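1. have a look; sequence and predicted model below, questions after that.
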Amino acid sequence: MTIPTLDAFFTMMAQGFIQRAFVIGIIVALMSSILSVFIVLKRISLIGDGLAHTAFGGLALGYYLGFLPLWVAGGIVILGSIGITKAMRSKVSGDAAVAVFLELGLASGIFLLSLARGYGINLESLLFGSILLVTFEQMLYALLVLGLTFAFVLVFYKELAYSTFDEVQARAAGIRTWFFDYSVGVFAGIAIIVSIPIVGVLLISALLVLPALTSVQISKSLRQTVLLSPVFGLLSVVLGLIASVITDTASGATIVLVGLAIFIVTLAVTRRGKRRVSPH
Amino acid sequence: MDASLIELSNVGVQYPNGVWAVDHISLRIFKNDLVGFIGPNGAGKTTLISVILGLIRPTSGAVTLFGESISTKNLRRVGYVPQVLESTISGFPATVFETVMFGRVPHAGLLRPFTKNDIGKTEEALKLLEISELRNRKLGQLSGGQLQRVLVAKALAGEPEILILDEPTSGADIHSRTEFYTLLADLNRDRGIAIVLSSHDVDSVTKLASKVVCINRTLFYYGPKSGFTNGILAKTYGYPMKVIDDSHT
């Protein structure tokens, strides 16, 4: 690994594709970290994994058909998120529901990609993400999804928070919790589709978990958890992308490793703080 | 006679395997009632509460709340306190204040922030349950008894006309239980809130309640406490039982 000089680093950062990567990275960080609060607190953290692999199957189908892969994958992921949520609501174990969709997406993806061999598919960038894949059009889609996610959370924050706290109590209070369960699933699916170019199929679920997980460790209220989660998401993506440029490593893996490092440091610091105040 | 707040007419709930969880249940609950639901494990107490709250649709019979079929609108007039499951609730990062404020969500409306009135009702509920000093604590920092009070405060913040409690004291020590039952009696007497209390604690419930619902899949007794006998209790549980009258202690 060769570390570039400062001049070389800034020259690299001035490149249009790197700047696009930062812009989409920031959009993806905000979008996924807002959703991550509800995903983590609803205890459906594995939904990201299931949907990412379903997206993989969808992208493979799109490439195989030679027809708008991202849109085909988007449609399949939305159907997958509805399927997983429906299975979870009908008392099928959440893990089992995710596992079924994960295996289905992965197996059909590999099957279709092997059929489509030689069609110019960059499997590595699909799995691990690549800043080179980001286009202006993708940035606009991501921005639109961020806007929709933000509007959804803003409009329904009270109801969403209550049904995340306890679905049964919220239902007994007359709140239509099914709407929030399905919406969180569908938004997570859409977030995954627009995030695949930067983080890749294998690691996107980390962005839907780590920011909230880190935020929960240090926040003193639900409100703080919601506000701090995007901060941790942004830190992971921005620092991860910078590290990836410097070390010339896969952006997705570097972002996730930075996110994990932030989580571990936060956990260690808060545990230490708790031990200090504990009388025992 | 006053209109009933809750009316169950020949309600039955059948599991998918064909077994009836409850069947032929008819009862009416009125303003100022303090009704104790008693019965052995698996008797259908929670199922019946779920039917009243619209969480389960009955297989047969009909349920009305405030004289109408169950809807989002009339559920706002009901407060629900579930069994405290510390393991699930304590991991949630909300403060006591935020949790009690959830009780105002059905009243607040979409796109509208909580109003001064919502905050006032929350403060009032905190004060009533004597947990104002815990307002900034996270749920994970509370004891089981404190969590139970938070959930009651949340229900009261919604200004309910009926308060339904499902096994609220399970796991609580005798002192917390006694304090809790006194609180329920005060709410019923001073605020006119009808209370439905499901519990395994037969002695305390029969002592506290003005009416008793004794069920084991079907209704064995529904009426005033004065008509409730040890014979009915034994018949419901399937073995001899008797209520200990400790009123002289």
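-> That came through fine. Numbers count the residues shown, from 1 in each chain, chains lettered A, B, ... in the order given.
2. what residues are up against the residue of the stretch 51-200 of chain A found nearest chain B?
-> Closest residue of the stretch 51-200 of chain A to chain B, C-beta to the nearest C-beta: A:Gly174 (3.6 Å). Backbone N, C-alpha and C define where each C-beta goes, glycine included. Counting by C-beta atoms under 8 Å, 6 or more residues apart in numbering or on different chains, A:Gly174 makes contact with B:54, B:71-73, B:75-76, B:106.
3. how many neighbouring residues does B:Lys211 have?
-> 20 (other C-beta atoms under 10 Å in any protein chain shown).
4. one more: A:Gly75?
-> Neighbour number of A:Gly75 under other C-beta under 10 Å is 16.
5. give the contact list for it.
-> A:Gly58.
6. next helix or strand past the host helix or strand of it?
-> Using DSSP states H and E, A:Gly75 maps to helix A:69-89. The element immediately downstream of helix A:69-89 (helix or strand, assigned by DSSP H and E) is helix A:94-115.
7. what segments of chain B are helices?
-> Here chain B has its helices, by DSSP state H, at B:45-52, B:72-75, B:86-89, B:96-101, B:105-108, B:116-128, B:144-157, B:174-191, B:202-208, B:230-237.
8. over to chain A?
-> A:6-13, A:16-41, A:47-65, A:69-89, A:94-115, A:123-128, A:136-165, A:167-172, A:177-199, A:204-207, A:210-218, A:222-247, A:251-277.
9. got those helices as TSV, with mean pLDDT columns?
-> Below are these laid out as TSV (pLDDT from 0 to 100):
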stretch	mean pLDDT
helix A:6-13	79
helix A:16-41	90
helix A:47-65	88
helix A:69-89	88
helix A:94-115	85
helix A:123-128	72
helix A:136-165	92
helix A:167-172	92
helix A:177-199	88
helix A:204-207	86
helix A:210-218	95
helix A:222-247	94
helix A:251-277	86
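10. just to revisit the earlier point, quick check, pLDDT for the residue of the stretch 51-200 of chain A closest to chain B.
-> For A:Gly174, the pLDDT comes out at 90.
11. surely A:Arg171 and A:Thr177 touch.
-> Yes - at 5.1 Å, A:Arg171 counts as touching A:Thr177 under the criterion of C-beta atoms under 8 Å.
12. residue numbers of chain B in contact with chain A?
-> Proximity of chain B to chain A is confined to B:53-55, B:71-73, B:75-76, B:78, B:80, B:82, B:88-89, B:92-95, B:98-99, B:102-103, B:105-106, B:108, B:110-111, B:114, B:136, B:138, B:154, B:158 under the rule C-beta under 8 Å from any C-beta of the partner chain.
13. please indicate which of the contacts of A:Gly174 are buried?
-> Among the contacts of A:Gly174, those classed as buried by 16 or more other C-beta atoms under 10 Å in any protein chain shown are B:54, B:75-76, B:106.
14. now the angle from the helix holding A:Gly75 to helix A:136-165?
-> 10 degrees (axes from the mean of the first three to the mean of the last three C-alpha atoms, to 10 degrees).
15. residues in contact with the nearest residue to A:Val237 once chain neighbours are set aside?
-> Sequence neighbours aside, A:Ala29 is the residue nearest to A:Val237 in space, at 3.9 Å (criterion: C-beta to C-beta, 6 or more residues apart in numbering or on different chains). A:Ala29 sits next to A:207, A:211, A:230, A:233-234, A:236-238 when contact means C-beta under 8 Å, 6+ apart.
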